[in-house]
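**Student:** sequence and predicted structure, then a few things I'm wondering about:
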Amino acid sequence: MKPLLFVLLLGLTAGFAQKKTVPRIDASVVKVDSLLWDLNALSKAPAVEWLSQTGTVRPLLYKGVDYEGKPTQVFAYYSNPDLIRGKPASKRTFPGVVLIHGGGGKAFREWVEKWAADGYAAIAMDLAGKDATGKPLAQAGPNQGDVDKFSKLEKADLRDMWTYQAVSAAILAHSLLLSFPEVDATKTAVTGISWGGYLTCLVASLDNRFKAAAPVYGCAFYDESDIFKVPIEKLSAGSHRRWMKYFDPSVYLPFAKPQFLFVNGNKDRFYNVVPYHKTYSLIAPNQRTICLIPNMAHGHEAGWVPHEIRYFFESILNGNVPLVQVGPITVQDSTLRFSYQSPVSLLNAEFHYSADTTSLNEQRNWSKQKAMIDPITQTATSPMPKEGFKYGFFYLKDHRNVSVSSPFLIK
């Protein structure tokens, strides 16, 4: 972009993108022995170049971290409730959300539209070094292939790995969002899908300025995934250890401060039952809500459709009615029982279970049975399946059609 045009665009953005004091990440909370990311530097709003000042969603470039010794830029889309309605910038402030795509994804304009229409200032960045047309940027970081995610570790600097670059880009997007006057810096959240869910676990653990996080599908313990353990096991022993030490969310989640909503299906190909259960178990029960959706499809659209994410963010950021809270499950007289707390009465409850221990996660056979709800005592019960089970969970819906679940029961 020519310098004069760049200056003009910066001037034109002054109506809704003036910078303000940006809160800093408290890096002292992340008590790992060697923290790879410079969280103080990432707390600063990056330089931004607005590519257009028209339309309801605005494309932009912002400065990323260096890659292989060279500067980078990251492409992103931004919108907010004023822009999406085609209205002049108002004096209102909005909660903010950072949107992190998954493998094969991009900066999804329609994802930004969705959240702006729902009342949020939203930013979605591309994590493959590409622009809106899918072409590599002149100052691009790594692409999102398996080499940059895994095998490159055998000879590359840790800071040239895709995970380091992607986490940095997402935190910088948050810092940029926090610099906008229309964004309420006390009300920001992050959600990501698949690999973006994995990144959400990392980003929300490192960046304690977020108040809420909703990783979809993605989790920790990558060397236990049916799929991702394959490229990890191909690494040398030393690289395997380094990957898990620096890039697996299990290292960082114990220090996470936001409230979490974990969203997944029970038959996901990439993020299977056992590592998923271990992942959310790293977060204290009073800091997490779980939403296991039976037979949930895997994909970007499927990952941003669940309205539970918006209801959850609204409850944390704006003090709206919370999702159902599920208590511990007990077994008594061959009956599974749990208590729950909900200001909205339950519509239904089911117990989903499987005794299939030989199939891959996506091919496992599941059954279900109705659970009985006692709205007076706010308890629910279901008989122990006669055939027994290895994996099980309760799935609940309230009268808003908002669902949550119990954690997995693994016997």
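**Tutor:** In hand now; what should we look at?
**Student:** what's the helix or strand for the closest residue to F150 other than its chain neighbours?
**Tutor:** In this structure, F150 finds its nearest non-sequential neighbour in P231, 4.2 Å apart by Cβ to Cβ, 6 or more residues apart in numbering. Just so you know, the C-beta spots here come from the backbone N, C-alpha and C atoms, and that holds for glycine as well. Following DSSP states H and E, one finds P231 within helix 229-233.
**Student:** spit out the contact partners of N266.
**Tutor:** The neighbours of N266, taking Cβ atoms under 8 Å, 6 or more residues apart in numbering as the test, are V273, L292, I293, P294, N295, M296, H352, S354, R364, W366, Y391, F393.
**Student:** distance of the closest residue in space to the third one that isn't next to it in sequence from G86?
**Tutor:** Leaving out its chain neighbours, the residue that sits closest to I293 by Cβ to Cβ, 6+ apart is G265, at 5.5 Å. Between G265 and G86 the distance, using Cβ to Cβ, to the nearest Å, works out to 37 Å.
**Student:** quick check: longest strand of this protein.
**Tutor:** Longest strand in the chain, counting residues (DSSP state E): strand 183-193.
**Student:** now that one, how far from the centre of its chain.
**Tutor:** Computed by Cα atoms, centre = their mean, to the nearest Å, the chain-centroid distance of strand 183-193 equals 10 Å.
**Student:** can I get it as PDB, trimmed to CA atoms?
**Tutor:** Output for strand 183-193, consisting of C-alpha atoms alone and laid out as PDB, is shown next (Å, rounded to 0.1, in the frame of the first residue of the first chain):
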ATOM      1  CA  VAL A 183     -14.600  -2.200  23.100                       C
ATOM      2  CA  ASP A 184     -15.200  -2.700  26.900                       C
ATOM      3  CA  ALA A 185     -11.800  -4.000  28.000                       C
ATOM      4  CA  THR A 186     -13.400  -5.700  31.000                       C
ATOM      5  CA  LYS A 187     -15.600  -7.900  28.800                       C
ATOM      6  CA  THR A 188     -13.700  -9.900  26.200                       C
ATOM      7  CA  ALA A 189     -13.900 -13.600  25.300                       C
ATOM      8  CA  VAL A 190     -12.200 -16.000  22.900                       C
ATOM      9  CA  THR A 191     -13.500 -19.000  21.000                       C
ATOM     10  CA  GLY A 192     -11.900 -21.200  18.400                       C
ATOM     11  CA  ILE A 193     -12.800 -24.300  16.400                       C
END
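**Student:** more neighbours: which of G265 and G86?
**Tutor:** G265 (21 against 8; other Cβ atoms under 10 Å).
**Student:** what average pLDDT does the longest strand of the chain get?
**Tutor:** Averaged over strand 183-193, pLDDT sits at 98.
**Student:** ok, now stretch 281-295?
**Tutor:** So the average pLDDT for stretch 281-295 ends up being 98.
**Student:** got the buried residues for it?
**Tutor:** Buried residues in stretch 281-295, counting neighbours by 16 or more other Cβ atoms under 10 Å, are found at L282, I283, R288, T289, I290, C291, L292, I293.
**Student:** now G129: how far from W162?
**Tutor:** For G129, the distance to W162 equals 10 Å [Cβ to Cβ].
**Student:** quickly list what's touching both of those two.
**Tutor:** In the contact map built from Cβ under 8 Å, 6+ apart, the residues linked to both G129 and W162 are P142, N143.
**Student:** show me where the stretch 101-250 of the chain has helices.
**Tutor:** Counting by DSSP state H, counting those that start in this stretch, residue ranges of the helices within the stretch 101-250 of the chain are 109-117, 146-149, 162-179, 195-206, 229-233, 237-247.
**Student:** so how far is the shortest one off the chain centroid?
**Tutor:** So that's helix 146-149. Using Cα atoms, centre = their mean, the distance from the centre of helix 146-149 to the centre of the chain it belongs to is 20 Å.
**Student:** can you list the helices and strands that that helix packs against?
**Tutor:** Using 3 or more Cβ pairs under 8 Å, 6 or more residues apart in numbering; DSSP states H and E as the contact definition, the elements that helix 146-149 packs against are helix 162-179.
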